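>>> The following block contains a protein sequence and its predicted model.
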Amino acid sequence: MEPEPTIETPQKPKTSKKRLILAIVLLIIGFLVLSAGISLFIYNQDTDSEGYAYSNSYHVNTTTYAFTLYMNEYRTSTWGWLGPENVAQIKYVVKNLNPTKELFIGYATTQQSESYRQSFQCEIPTYWRWIAEPYYAEIILNTTVIEGNGPPAALPQTQTFWLTTAQSTDTPVMTFLPQHEQHIWFIMNSDGSPNITADIQIGFKSPILAILPLILLPLGIILLVGGARLLRKKKDKPIPTE
């Protein structure tokens, strides 16, 4: 009798090397993208409902007619191509501690407003720094000096050089991003009287960072699912047996 032929067990199809590499790449990228989305989502929880993070408060208590601060240009060169309004927005908050007075706050270029500032007595820092970046803002202000004499000849709200202003007996708030030149921030009583008591803060937000989690989270999940499916997918055709 002739021996029966040996029947080889069919080999299970193997995942191709290229598919394996692609799956690993997708899984790594998906993990990184998802992690970034989760991190931004967590950081966004520490901002207010508008997405602003706030600096420490600086207490203003001056007997003069204004408290003024020079504001250097804010630079957004790294992400400037997205548009400065998408990268950075700055809020100026002044909490009035004397509700019997209405506070006026205004923002203007130094060039156009300097003559007005020099026409009356005001208090101004000798040196100060302000920091505004995603999820963090800070005011560093130690010493001030008093300059000028007498009251303002005209009420602040009558001036035409303001870029933005706000008035309130409670908490006047304005937003402005200083760019391209030096600006100055005025805090005065609306009636032009002396003695200002208030707490000032700077708020900062980057609108693009509020949008990114909505993009990164689903994208990361899609990449992870795609990578996992590639790992499980078999070759379309099994390896033929001899």
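Structure received. This one's a predicted model, so the numbers in the text were calculated from it and none came from an experiment.

>>> where's the closest residue to residue 59 other than its chain neighbours, which helix or strand?
Sequence neighbours aside, residue 199 is the residue nearest to residue 59 in space, at 5.6 Å (criterion: CB to CB, 6 or more residues apart in numbering). (C-beta placed from N, C-alpha, C; glycine too.) Assigned by DSSP states H and E, residue 199 belongs to strand 196-205.

>>> Keeping just the C-alphas, turn that strand into PDB.
Provided in PDB are the C-alpha atoms of strand 196-205 (Å, rounded to 0.1, in the frame of the first residue of the first chain):
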ATOM      1  CA  ILE A 196      -8.700 106.600  43.500                       C
ATOM      2  CA  THR A 197      -9.000 103.300  45.300                       C
ATOM      3  CA  ALA A 198      -9.300 100.100  43.200                       C
ATOM      4  CA  ASP A 199      -7.900  96.700  42.500                       C
ATOM      5  CA  ILE A 200      -6.600  96.100  39.000                       C
ATOM      6  CA  GLN A 201      -6.100  92.800  37.100                       C
ATOM      7  CA  ILE A 202      -5.100  91.600  33.700                       C
ATOM      8  CA  GLY A 203      -6.900  88.700  32.100                       C
ATOM      9  CA  PHE A 204      -5.500  86.700  29.200                       C
ATOM     10  CA  LYS A 205      -7.000  84.100  26.900                       C
END
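
>>> Now the element after that strand, going C-ward?
Following strand 196-205 in sequence order, the next helix or strand is helix 207-232 (DSSP H and E).

>>> for that next one, the distance to its chain's centre please.
Distance, stretch centre to chain centre, for helix 207-232: 23 Å (CA atoms, centre = their mean, to the nearest Å).

>>> List the buried residues in it.
207-209, 212-213, 216-217, 219-220, 223-224, 226-227, 230 (16 or more other CB atoms under 10 Å).

>>> Hmm, residue 139 and residue 200 touching each other?
Yes. In this structure, residue 200 is within contact of residue 139 by CB atoms under 8 Å, at 7.2 Å.

>>> Many thanks, have a good one.
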